[in-house]
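Peer 1: Fold the stuff below for me.
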Amino acid sequence: LAIVGAADHPDAYSRSVEDKAAKIDNVVMTGFQKGAQLDALYTHAGLFALVSTHEGLPIALLEALSYGLPCVASDIEANMEVGLADADYYPVTNINALTEQLKTKSGHGLTDDVKKQRTEHVAKHFSWDQIAYATIGAYRAALKLPIEQRTISRPHTDKLDPILDNAADTEINTQADLNT
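Peer 2: The predicted structure follows:
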């Protein structure tokens with residue numbers, strides 16, 4: 001078992017997890033990882049679990065899905081918005097349910113078709129371009145600016161940012177747009 005990541009603000013709980021993990025054979029606390037090391041961990045993982053009780057956009061879960069990994073995630077709102085199958089979620093803080101999910105999914109990889117569907121879902125709905133378009137759409141809707149005032153230039157250049165420039169002509173389906 002590899003526990004990847006580190007607490008932003010170490011506390012008694014995070015230190016207790018580290019202490020317990022150090023006493024268990026076959027458990028490795030990798031700390032924060034990025035680049036080639038993180039890629040290797042995702043590439044060789046058999047299962048990904050995100051057990052957060054609080055989360056913004058669950059980037060680690062999206063990364064795991066982009067690698068085609070089977071996933072288990074707590075049923076907090078941010079994780080649910082990713083759109084996994086119900087069977088991939090467990091009730092947050094329910095250790096027994098998490099244990100059962102891990103047992104059920106361990107050693108059972110996904111078919112190539114499911115892997116492809118997951119990677120395509122992430123690329124379609126959670127790419128940085130999509131996030132940028134959604135953010136711009138929210139700003140556009142909130143500001144209710146005339147189209148000629150929506151052009152945004154890159155700092156220190158005279159060139160328009162192509163993403164922002166194209167976003168001015170892109171329809172974004174946000175709650176703010178629906179309310180205008």
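
Peer 1: going forward, measure contacts between C-alpha atoms and count neighbours the same way
Peer 2: Fine.

Peer 1: Look up how far residue 82 lies from the residue positioned nearest the centre of the chain.
Peer 2: By Cα atoms, centre = their mean, the mean C-alpha position of the chain lies nearest to residue 59, the distance being 2.6 Å. Using Cα to Cα, to the nearest Å, residue 59 is found at 10 Å from residue 82.

Peer 1: How about residue 7?
Peer 2: 23 Å.

Peer 1: Among those two, which residue is more densely surrounded?
Peer 2: More crowded of residue 7 and residue 82, by other Cα atoms under 10 Å: residue 82, with 17 against 11.

Peer 1: Point me to the helix or strand that includes the residue nearest to that one when sequence neighbours are not counted.
Peer 2: Excluding its sequence neighbours, the residue lying closest to residue 82 (Cα to Cα, 6 or more residues apart in numbering) is residue 62, at 7.7 Å. Secondary structure assignment for residue 62, by DSSP states H and E: helix 59-66.

Peer 1: Using CSV, write out the CA atom coordinates for the following helix or strand past that helix.
Peer 2: As assigned by DSSP H and E, the chain's next helix or strand after helix 59-66 is strand 71-74. Extracted in CSV, the C-alpha atoms of strand 71-74 (Å, rounded to 0.1, in the frame of the first residue of the first chain):
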residue,chain,number,x,y,z
CYS,A,71,-11.3,4.1,-8.0
VAL,A,72,-13.0,4.2,-4.6
ALA,A,73,-14.0,7.6,-3.3
SER,A,74,-15.8,9.0,-0.3
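
Peer 1: Can you find the helix or strand of this structure with the lowest average pLDDT?
Peer 2: helix 175-178 (a mean of 39; mean pLDDT, DSSP states H and E).

Peer 1: And the strands in this protein?
Peer 2: With strands called from DSSP state E, the chain shows them at 2-4, 28-31, 48-50, 71-74, 89-90.

Peer 1: In the sheet, which strands lie alongside the fourth one, parallel or antiparallel?
Peer 2: Each strand pairing with strand 71-74, determined using DSSP bridges, is listed with its direction: strand 48-50 (parallel), strand 89-90 (parallel).

Peer 1: Now distance to residue 67 and mean pLDDT too, for those strands, in JSON lines please.
Peer 2: Putting those into JSON lines (distance: least, Cα to Cα, whole Å; pLDDT from 0 to 100) gives the following:
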{"stretch": "strand 48-50", "distance to residue 67": "10", "mean pLDDT": "96"}
{"stretch": "strand 89-90", "distance to residue 67": "18", "mean pLDDT": "96"}
